[in-house]
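# model this:
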Amino acid sequence: MNPLSFDHFASYWGHAELGANVIVILNLLGALALGALVGYERTYRSRAAGMRTLGLVCMGSAALTVICGYAPLWHGGGFGTTPGADTTRVIQGLITGIGFLGAGVIMKEGAQISGLTTAATIWVVAAVGILVGVGLYAAAIALSVISAAFTMWGARFEAKLPSQSALIVSLTFDTGAKVNAGELRDFFKENGYMIARDSISIFVQDSTIEWRFVAIGQRRRLAMTIPVLAEQISALANVKNCTLSYARN
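Predicted coordinates:
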């Protein structure tokens, strides 16, 4: 068949091709809705990757997967014998590509790492899109609902479980001050925290000494909150500046 003939162009609009397009479009819309459902929680918490990002990731994954099932209809069923598409290889490529996208939202600043939950969510919505693409609609809906519910309310459940809170501490001491590591450990121990082993970093510049370390709460009920601990630290001798923040992922 001549690629420029009317019959060839008409083959793209045959009954089989149009039916396949309708099914693909419905899959794309469903994947977009499920991805947006999971992404709403990220948008609600003002994360970089929200409804639009996760919706597009899910829809794109579904698109690349679902078209593998219609390989004989590619190019209007022309151009000779159309090779069969290996869906497993497409899924493998999707997972690899999504891994790079997820890595882009993970940020590390000092001892604090952020973006891990968002990266995991991107990976999950890609799996939702793949399930939609291969026609496992019930499993795709279940995965998206479970993921959305867990990201929304998982933190509340996690907060009720026994855990150790971690603080990122930065202390700047007056010029010429002598810092006793043992006394510093005893101070934090009295306030319910233990300085993590091998987490201490000391910076000396222009006679200014700055200590950075991670303090782990021994017990949730005994560990002081950041405002109370900041007041206790401000009363220490030779402490010029103090920065406290919770270590969260």
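# C-alpha only now, for contacts and for neighbours.
Noted.
# Quick one: the helices in this protein, in order.
Ranges of helices in the chain, per DSSP state H, are 6-11, 15-44, 51-66, 87-104, 116-133, 137-160, 181-190, 226-234.
# contacts for the last one?
By Cα atoms under 8 Å, 6 or more residues apart in numbering, the surrounding residues in contact with helix 226-234 are 191, 239, 242, 244-245.
# Would you reformat the helices of the chain as JSON lines and include distance to Ala196, mean neighbour count and mean pLDDT?
JSON lines is the format used below for these (distance: least, Cα to Cα, whole Å; neighbours: other Cα atoms under 10 Å; pLDDT from 0 to 100):
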{"stretch": "helix 6-11", "distance to Ala196": "69", "mean neighbour count": "13", "mean pLDDT": "66"}
{"stretch": "helix 15-44", "distance to Ala196": "31", "mean neighbour count": "20", "mean pLDDT": "90"}
{"stretch": "helix 51-66", "distance to Ala196": "36", "mean neighbour count": "25", "mean pLDDT": "92"}
{"stretch": "helix 87-104", "distance to Ala196": "27", "mean neighbour count": "15", "mean pLDDT": "85"}
{"stretch": "helix 116-133", "distance to Ala196": "22", "mean neighbour count": "24", "mean pLDDT": "91"}
{"stretch": "helix 137-160", "distance to Ala196": "21", "mean neighbour count": "15", "mean pLDDT": "87"}
{"stretch": "helix 181-190", "distance to Ala196": "10", "mean neighbour count": "14", "mean pLDDT": "84"}
{"stretch": "helix 226-234", "distance to Ala196": "17", "mean neighbour count": "13", "mean pLDDT": "83"}
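# Just tell me which of those helices ends up closest to Thr172.
Nearest to Thr172 among the helices of the chain is helix 226-234 (11.0 Å), distances taken as Cα to Cα.
# the domain parsing of the protein - what is it?
6-160, 166-246 (automatic domain parsing).
# Tell me the gap between stretch 52-69 and the middle of its chain.
18 Å (Cα atoms, centre = their mean, to the nearest Å).
# next one: stretch 61-81
For stretch 61-81, the distance to the chain centre is 32 Å (Cα atoms, centre = their mean).
# okay, that stretch in PDB with CA atoms only?
Output in PDB follows, covering the C-alpha atoms of stretch 61-81 (Å, rounded to 0.1, in the frame of the first residue of the first chain):
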ATOM      1  CA  SER A  61       2.800   5.000  32.600                       C
ATOM      2  CA  ALA A  62      -0.600   3.700  31.600                       C
ATOM      3  CA  ALA A  63      -0.200   5.100  28.100                       C
ATOM      4  CA  LEU A  64       3.200   3.400  27.500                       C
ATOM      5  CA  THR A  65       1.800   0.100  28.900                       C
ATOM      6  CA  VAL A  66      -1.600  -0.100  27.200                       C
ATOM      7  CA  ILE A  67      -0.300   0.600  23.700                       C
ATOM      8  CA  CYS A  68       1.700  -2.700  23.900                       C
ATOM      9  CA  GLY A  69      -1.600  -4.600  23.700                       C
ATOM     10  CA  TYR A  70      -2.500  -3.000  20.400                       C
ATOM     11  CA  ALA A  71       0.800  -3.500  18.500                       C
ATOM     12  CA  PRO A  72      -0.900  -5.000  15.400                       C
ATOM     13  CA  LEU A  73      -2.800  -1.800  15.000                       C
ATOM     14  CA  TRP A  74       0.200   0.500  15.100                       C
ATOM     15  CA  HIS A  75       0.700   2.600  11.900                       C
ATOM     16  CA  GLY A  76      -2.800   1.700  10.800                       C
ATOM     17  CA  GLY A  77      -1.900  -1.900  10.700                       C
ATOM     18  CA  GLY A  78       0.500  -1.200   7.800                       C
ATOM     19  CA  PHE A  79       4.200  -0.900   7.200                       C
ATOM     20  CA  GLY A  80       4.600  -4.700   6.800                       C
ATOM     21  CA  THR A  81       4.500  -7.000   9.700                       C
END
